[in-house]
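> sequence and predicted model, in that order:
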Amino acid sequence: MKILDRIFGRALASDEEKHQELSITTGVPALGLDALASTAYGPEAALLILLPAGLAGLHYFSIISVLVVIVLITLYLSYRQTTAAYPGGGGAYIVASDNLGRRAGIWAAISLLLDYLLNVAVGISAGIGAVVSAIPALQPWTLILCLLVLLTLTILNLRGVRESGLAFVIPTFAFVILLSIAMLIGIYNSWQSGGYPHVIVHPPVPPAVSTEITFWLLLGAFANGLTAMTGVETVSNAVPLFRKPVVSNAQWTLTIIVVILALFILGLAYLCPVYHIIAMDENLPKYQTIYSQLVAATTGKGIFYYLSMFSIFIVLTYSAQTSFIGFPRVCRLLAEDHYLPHFFAERGRRLVFSLGIIALAIFSALLLIIFKGITTNLIPLFAVGAFSAFLFSQVGMIVHWSRKRREPYAYLKLFFNALGAVMTFIALVCIVVAKFVEGAWIVIFTAPLLAYLFSRINRHYKIVRSRIDKPLELKVEEFKPLVVLVPIKGWDSLAEKAIRFALLTAQDVTAVYVSTDDDEANNLTAIWREKVAKPAKDAGLTVPHLEIIRSPYRRIYQPILSYVNKVKHDKPNRFIAVVIPELIEAHWYEALLHNIRATGLRTMLFLARDQRTVVITTPWYLH
């Protein structure tokens with residue numbers, strides 16, 4: 001426990017939850033890292049599609065960025081209303097379930113889970129990409145670095161929500177301030193020079209034009225650029241995490257995140273064409289992110305550059321922080337509604353949903369390994385889940401305001417949500433059409449499988465409830481003497497404790513010994529008469545019976561199971577308790593040296609699924 005306290009912090013009591021609440025200061029880094037970090041890989045992904053068009057592609061990049069910001073503003077207005085209408089959190093899952101039905105809610109939840117999962121992989125890989133930009137020698141270690149960052153994020157989030165937010169306050173504000181300075185310098189120099197600023201460190205030369213500007217090319221760039229909006233929904237999912245006034249703090253946090261995100265996207269839309277900043281293939285040597293090129297071009301490669309790269313690395317790499325808050329909370333809601341195992345709804349030692357965090361870490365690690373930690377390999381999978389969740393949420397809010405038309409400004413709110421739904425639908429169609437072949441089909445194929453899995457889990461819980469959740473009366477007429485069987489491997493301390501316990505619970509006690517050697521059986525019979533039968537008789541107790549079962553083929557489990565069935569047949573309507581002696585070692589690593597047969601027998605008895613058989617373990621502790 002001392003080791004756990006050092007790694008994760010001391011365990012928190014349930015009444016300490018209020019100390020884990022978020023303020024606006026901690027809410028922006030805790031819930032906004034995903035959105036802020038997406039300003040790096042979203043625009044870069046759009047530029048990568050436009051790369052074959054050369055400098056002409058940079059002109060269209062500005063137009064695409066403006067369209068992305070328009071979509072962002074509609075989403076902001078919509079989610080600001082969602083935050084106020086559903087202060088209990090849950091985002092798209094709760095909104096869709098409440099207004100569109102449970103089935104739509106499940107699809108919304110699946111979209112959110114896939115979005116959060118892919119966000120972890122993309123965010124971490126983009127952060128490591130920033131490191132590789134500054135230190136190219138680390139490129140061969142990309143995947144290892146990704147997994148190390150994932151491990152540290154997992155540990156940090158298992159420590160608690162507030163702690164994870166506090167950890168990123170300084171890096172987040174450093175990221176915003178340093179990049180704002182670089183962008184303002186770039187904009188000022190551009191205006192002073194009439195659009196031809198002095199470049200301190202020249203970006204890579206754009207390649208020769210290899211393709212014409214086509215609608216399909218622009219569609220693909222727009223689809224990639226929309227990934228800059230992932231994470232906008234997280235605040236609405238996590239409203240209950242804020243301190244009072246809950247809704248106001250959540251809305252201000254969302255506003256700050258969206259304003260920064262929009263300004264950064266517009267800043268890149270202006271500066272990338274002016275400084276001829278292009279996207280580079282992450283698989284090639286001397287890879288540079290667009291932020292690396294921008295800061296170097298405007299301020300050079302001095303201390304400011306490396307401080308900026310470090311802040312970008314922290315924000316990009318740990319942008320997955322947003323998912324580590326959102327993913328477990330969606331899992332909790334699904335578990336409470338019986339669509340996931342119930343343990344996902346249980347809080348851990350630090351009042352977080354630990355199993356959801358661990359599950360997210362495991363699946364994210366698998367994604368990083370499969371796609372080798374390369375951001376461009378993951379981008380095509382990324383935005384489908386996010387915009388599907390956006391669409392479910394917007395349509396659900398349309399139905400919500402339709403039902404509450406008498407509320408103040410209901411029609412205005414309905415208009416904003418309808419506008420958000422239309423924009424989200426168009427964006428989703430663009431993403432699916434443009435990215436289907438490149439990998440979006442994986443997400444589209446995975447979602448129905450998850451829906452089927454959730455439905456099976458829910459069906460199982462319904463069956464269980466229908467069979468056991470009944471207010472039964474105690475069956476007093478079935479109180480009959482208990483039959484106790486004690487499998488033993490000889491007369492030792494374990495057997496003695498088990499027999500002693502059995503005699504305290506019943507009058508009908510039988511020790512069962514499976515014999516593979518006649519001499520050992522005869523020896524045990526003599527010991528039994530002297531060490532068990534005689535002391536019990538002298539004390540006026542019931543003398544336990546010794547049943548020796550011959551096993552010429554050296555089987556252990558089957559003879560015992562057959563004897564249990566025989567007793568059940570001979571003594572109907574009576575509970576049969578099988579008391580299994582078990583040695584408990586002093587150290588966990590000694591477990592494989594003992595108890596293999598005890599564990600196996602217990603498993604076999606459970607698999608027999610007999611309602612009249614009760615399995616009891618009597619531990620004997622080895623000190």
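Arrived safely.
> all contacts plus neighbour counts: C-alpha atoms, from now on.
Will do.
> show me the shaky parts of the stretch 251-400 of the chain.
Applying pLDDT under 70 to the stretch 251-400 of the chain picks out residues 281-285, 348-351, 373-383.
> ranges for the helices of the stretch 101-250 of the chain?
For the stretch 101-250 of the chain, the helices defined by DSSP state H, counting those that start in this stretch cover 102-134, 142-158, 161-167, 169-192, 215-225, 234-237, 246-275.
> run through who's touching the fourth one.
When you say that, I think you mean helix 169-192. Residues outside helix 169-192 that contact it (C-alpha atoms under 8 Å, 6 or more residues apart in numbering) are 25-26, 29, 33, 196-198, 260, 264, 267-268, 271, 274, 294-295, 298-299, 304, 308, 311-312, 314-315.
> tilt between it and helix 246-275?
Here the directions of helix 169-192 and helix 246-275 differ by 40 degrees (axes from the mean of the first three to the mean of the last three C-alpha atoms, to 10 degrees).
> so which bits of helix 169-192 are buried?
In terms of neighbour count (16 or more other C-alpha atoms under 10 Å), helix 169-192 has its buried residues at 169, 171-176, 178-180, 182-183, 186-187, 189-190.
> quick check, nearest of those residues to Glu346?
Val169 (28.0 Å; C-alpha to C-alpha).
> and the closest one, how far from Gly27?
Distance, Val169 to Gly27, by C-alpha to C-alpha, to the nearest Å: 9 Å.
> try Ala104
Distance of Ala104 to Gly27, computed by C-alpha to C-alpha: 29 Å.
> ok but Ala56 is inside a helix, no?
Yes: the assignment for Ala56 is a helix, going by DSSP: H, G, I helix; E, B strand; the rest coil.
> just give me the neighbour total for it.
15 (other C-alpha atoms under 10 Å).
> end to end, how far does stretch 276-286 reach?
Stretch 276-286: ends 17 Å apart by C-alpha to C-alpha.
> which ones among the contacts of helix 169-192 map onto strands?
Assigned to strands by DSSP state E, none of the contacts of helix 169-192 qualify.
> just the buried ones from these?
Using 16+ other C-alpha under 10 Å, the buried members of the contacts of helix 169-192 are 26, 29, 33, 197, 260, 264, 267-268, 271, 274, 294-295, 298-299, 308, 311-312, 314-315.
> identify the residue nearest the geometric centre of this structure.
By C-alpha atoms, centre = their mean, the chain has its centre lying nearest to Leu360, at 2.7 Å.
> count of neighbours near Lys470?
Lys470: 8 surrounding residues under other C-alpha under 10 Å.
> now it: how far from Val464?
Lys470 sits 11 Å away from Val464, going by C-alpha to C-alpha.
> ok, Phe343 next?
Distance from Phe343 to Val464, by C-alpha to C-alpha: 16 Å.
> more crowded one of these two?
Taking neighbours as other C-alpha under 10 Å, Phe343 and Val464 compare with Phe343 leading, 15 against 11.
> how about the contacts made by that one?
Ala335, Leu355.
> and the gap between it and Cys331?
Using C-alpha to C-alpha, Phe343 is found at 10 Å from Cys331.
> stretch 233-243: end-to-end distance?
Counting by C-alpha to C-alpha, the terminal residues of stretch 233-243 are separated by 19 Å.
> tell me which residues of stretch 233-247 are tucked away?
Of all the residues in stretch 233-247, those buried under the rule 16+ other C-alpha under 10 Å are 233-243, 246-247.
> any idea which helix or strand carries Arg486?
Quick fix: residue 486 reads Val, not Arg. strand 483-487 (DSSP states H and E).
> that strand packs against which elements?
Applying 3 or more C-alpha pairs under 8 Å, 6 or more residues apart in numbering; DSSP states H and E, we find strand 483-487 packed against helix 493-505, strand 508-515, strand 576-584.
> out of those, flag the one nearest Ser388.
Closest approach to Ser388 among those is made by strand 576-584 (51.8 Å; C-alpha to C-alpha).
> elements contacting the closest one?
strand 483-487, helix 493-505, helix 596-608, strand 613-621.
> can you list the strands that that strand pairs with?
When sheet partners are counted by DSSP bridges, strand 576-584 sits next to strand 483-487 (parallel), strand 613-621 (parallel).
> among those strands, which is the most enclosed?
With neighbours defined as mean count of other C-alpha atoms under 10 Å, the strands paired with strand 576-584 peak in mean count at strand 483-487, which reaches a mean of 24.
> how about His338, nearest residue that isn't a chain neighbour?
Asn458 (5.2 Å; C-alpha to C-alpha, 6 or more residues apart in numbering).
> on the three-state scheme, that neighbour is what?
Under three-state DSSP, Asn458 comes out as helix.
> hang on, the earlier thing: quick check: which element contains the residue nearest to the centre of the chain?
Going by DSSP H and E, Leu360 is part of helix 354-370.
> just the buried positions in that helix, please.
354-361, 364-365, 367-369.
> next one: that helix to chain centre, how far?
Relative to its parent chain, helix 354-370 has a centroid offset of 6 Å by C-alpha atoms, centre = their mean, to the nearest Å.
> what of stretch 318-331?
7 Å.
> circling back to that earlier point, just put the helices of the stretch 101-250 of the chain in a markdown table and tack on distance to Trp401.
A markdown table is the format used below for these (distance: least, C-alpha to C-alpha, whole Å):
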| stretch | distance to Trp401 |
| --- | --- |
| helix 102-134 | 18 |
| helix 142-158 | 36 |
| helix 161-167 | 32 |
| helix 169-192 | 36 |
| helix 215-225 | 30 |
| helix 234-237 | 17 |
| helix 246-275 | 18 |
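> go through the ones you listed and name the closest to Leu607.
Closest among the helices of the stretch 101-250 of the chain, once you apply C-alpha to C-alpha, is helix 102-134, at 33.2 Å.
> now do the buried residues in the closest one.
By neighbour count with 16+ other C-alpha under 10 Å, helix 102-134 contains the buried residues 104-134.
> between helix 142-158 and that helix, find me the angle.
Going by the same axes, to 10 degrees, helix 102-134 makes 120 degrees with helix 142-158.
> give the rounded mean pLDDT of helix 102-134.
Across helix 102-134, pLDDT averages out at 81.
> report the angle between it and helix 354-370.
50 degrees.
> from the chain's centroid, how far away is helix 102-134?
10 Å.
> one more: stretch 48-55?
For stretch 48-55, the distance to the chain centre is 36 Å (C-alpha atoms, centre = their mean).
> kindly format the C-alpha coordinates of that stretch as PDB.
Provided in PDB are the C-alpha atoms of stretch 48-55 (Å, rounded to 0.1, in the frame of the first residue of the first chain):
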ATOM      1  CA  LEU A  48      -0.600  17.200 -46.200                       C
ATOM      2  CA  ILE A  49      -3.500  16.500 -48.600                       C
ATOM      3  CA  LEU A  50      -2.900  19.800 -50.400                       C
ATOM      4  CA  LEU A  51       0.900  19.200 -50.700                       C
ATOM      5  CA  PRO A  52       0.800  17.800 -54.300                       C
ATOM      6  CA  ALA A  53      -0.800  21.100 -55.400                       C
ATOM      7  CA  GLY A  54       2.300  23.100 -54.300                       C
ATOM      8  CA  LEU A  55       1.900  26.800 -53.400                       C
END
